[in-house]
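Peer 1: quick one: sequence and predicted model below, then my questions.
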Amino acid sequence: MKIPYQKIIIFLSLILILAWSLSCKKSETQMEEEPPANTDVLTLKKESLELINLKTEEVSFKSIPLQFSCSGIVGFNEKRLVHITSRVSGWVEKVYKFGGDKVKASDSLVSIYSPEFLSAQGEFIQAEERLKSIPKTDSIEYRTASALYQSAKAKLLLLGATETETNLLEDTHQPAPRLIIKSPLNGTVVESNVITGNTIEKGANLFRLSDLSSLWITANVYEKDISKVQRGQRVQIKVSSFPNKTFSGTVEAINDILDETTRTFKVRIAVDNSSGELKPEMFCECIFKAQIGTKILAIPLAAVQSIEGEKIVFVPKSQDSFEKRTVKTGQEIGEYVEILEGLKPGEEIVTDGSFVLKSELLKAEFGEE
């Protein structure tokens, strides 16, 4: 019996549809049975690894110097700062030094014509002549003359005359026509308020001199950091004028009063300025370092990356695969960060190159999506 052609076609089509349906179900079953890919492990090809300069470090407990920085301002060393005031009234006859000039001890600064100074010299000469005319005995007259002589000499010294000048006056009996005020130290004239011909009054501010080879820096240390500061501590100083240079200072004093507005303490730092590169009123950065008392589990900051708010590191599993590990971090200390959770001592982590691994991991995740 001959089977119609149309029935044969229909029968073959049913067989094909059934076979295709069974094949699809088998594929779905296989897909369901395949384990999901581990997105926490990154595997790189050999060619990619050769392009990345990876460095690793073993996780361990470290005793790391605590470091923090704060702002500061360069100022005068007040132990080497002097104000020159006039002890007599008179007229400025000559100015020898001006603002910015370098001076040495005993250099002349200004000469002043002063009737008061001339009168004091006359009194000293009279007292000295009287003392010489009286025999050196224990008489009341000699003791009185000696007292007047010492008083006249003290007055001259108080007005600004030097010991050498009073001795010369005693020998010659020739009064100096002008009072010459001299520098008491080696330094710089940072302020001058005298002009030739001007009249001056007793107590007038004439000069301000400072030895700038040593300066004080006032650092503003926040109250959270003040416990890390102690006298004698070394401090690194940086200024914008010399970005590649570090100056060294020493903590000399810590103010006990907290500034209510800035919430900072004033800390005085002495710094050597023999080079003359630091200038008063410069702003600076003060970097404090102090050794912590106990060791902490810490890794380099360069090893820690952030993905969607999570802190992660990469732990090598083999030569070409790296596990993404979530960690909980603590305080940052210089170039290191404390690890509170996620790592154990002895584990290896990627330091240099961890950012590249993060980029590769993100590329792989985006590729899957």
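Peer 2: Noted; the coordinates are in hand.

Peer 1: let's verify residue 170: helix, strand, or coil?
Peer 2: Classification of residue 170 by DSSP: H, G, I helix; E, B strand; the rest coil places it in helix.

Peer 1: find the nearest non-adjacent residue to it, please.
Peer 2: residue 128 (5.4 Å; Cβ to Cβ, 6 or more residues apart in numbering). For the C-beta atoms, the positions are set from N, CA and C on the backbone; glycine is no exception.

Peer 1: do the same with residue 69
Peer 2: That would be residue 287: by Cβ to Cβ, 6+ apart, it lies 4.7 Å from residue 69.

Peer 1: residues contacting whichever strand or helix holds the one you found, please?
Peer 2: Take DSSP states H and E as the rule and residue 287 turns out to sit in strand 283-291. Strand 283-291 is contacted from outside by 63, 65-74, 217, 219, 221, 225, 228-230, 233-240, 249, 267, 269, using Cβ atoms under 8 Å, 6 or more residues apart in numbering.

Peer 1: put the buried members of those into a PyMOL selection.
Peer 2: In PyMOL, a selection of the buried entries from the contacts of strand 283-291 looks like this (16 or more other Cβ atoms under 10 Å):
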select buried, resi 67+68+69+70+72+74+217+219+221+225+229+233+235+237+238+239+249+267+269
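
Peer 1: hang on, the earlier thing: would you list the phi and psi of the residue nearest to residue 170?
Peer 2: When read as degrees, to the nearest 10, the backbone of residue 128 gives phi -70, psi -40.

Peer 1: for the stretch 51-200 of the chain, just list every one of the helices.
Peer 2: Across the stretch 51-200 of the chain, reading from the start of the chain, the helices by DSSP state H, counting those that start in this stretch fall at 115-133, 140-159, 163-172.

Peer 1: chain center to the second one, what's the gap?
Peer 2: Translated: helix 140-159. Its chain's C-alpha centre lies 54 Å from the corresponding centre of helix 140-159 when counted by Cα atoms, centre = their mean, to the nearest Å.

Peer 1: so what touches that helix?
Peer 2: Contacts of helix 140-159 with the rest of the structure, by Cβ under 8 Å, 6+ apart, involve 87-88, 114, 116-117, 120-121, 123-124, 126-128, 130-131, 134-136, 163, 165-166, 169, 179.

Peer 1: for PyMOL, write a command that selects the buried ones of these.
Peer 2: Here the buried members of these are turned into a PyMOL selection, burial being counted by 16+ other Cβ under 10 Å:
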select buried, resi 87+88+114+116+117+120+121+123+124+127+128+130+131+165+166+169+179
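
Peer 1: thinking again about what came up before, mean confidence (pLDDT) on the strand holding residue 287, please.
Peer 2: Mean per-residue pLDDT for strand 283-291: 88.

Peer 1: find me the pLDDT at residue 278, would you?
Peer 2: Looking at residue 278, its pLDDT is 97.

Peer 1: so it is in contact with residue 247, correct?
Peer 2: Yes. Counting by Cβ atoms under 8 Å, residue 278 does reach residue 247; the two are 6.5 Å apart.

Peer 1: any shared contact partners between those two?
Peer 2: Common contact partners of residue 278 and residue 247 (Cβ under 8 Å, 6+ apart): 237, 239, 271.

Peer 1: what's the second one sitting at in phi/psi?
Peer 2: What it means is residue 239. The phi and psi torsions at residue 239 (degrees, to the nearest 10) take the values phi -130, psi 150.

Peer 1: give the contact list for it.
Peer 2: Residues in contact with residue 239, defined by Cβ under 8 Å, 6+ apart, are 74, 247, 278, 282, 283, 284, 285.

Peer 1: any idea how far the fifth one lies from residue 244?
Peer 2: In this structure, residue 283 and residue 244 are 17 Å apart, going by Cβ to Cβ, to the nearest Å.

Peer 1: more crowded one of the two?
Peer 2: residue 283 (11 against 5; other Cβ atoms under 10 Å).

Peer 1: so where's the protein shaky on pLDDT?
Peer 2: 1-39, 291-294, 366-369 (pLDDT under 70).

Peer 1: let's go with 80 and repeat that
Peer 2: Counting by pLDDT under 80, the chain has low-confidence residues at 1-39, 46-51, 64-66, 138, 290-294, 333-334, 364-369.
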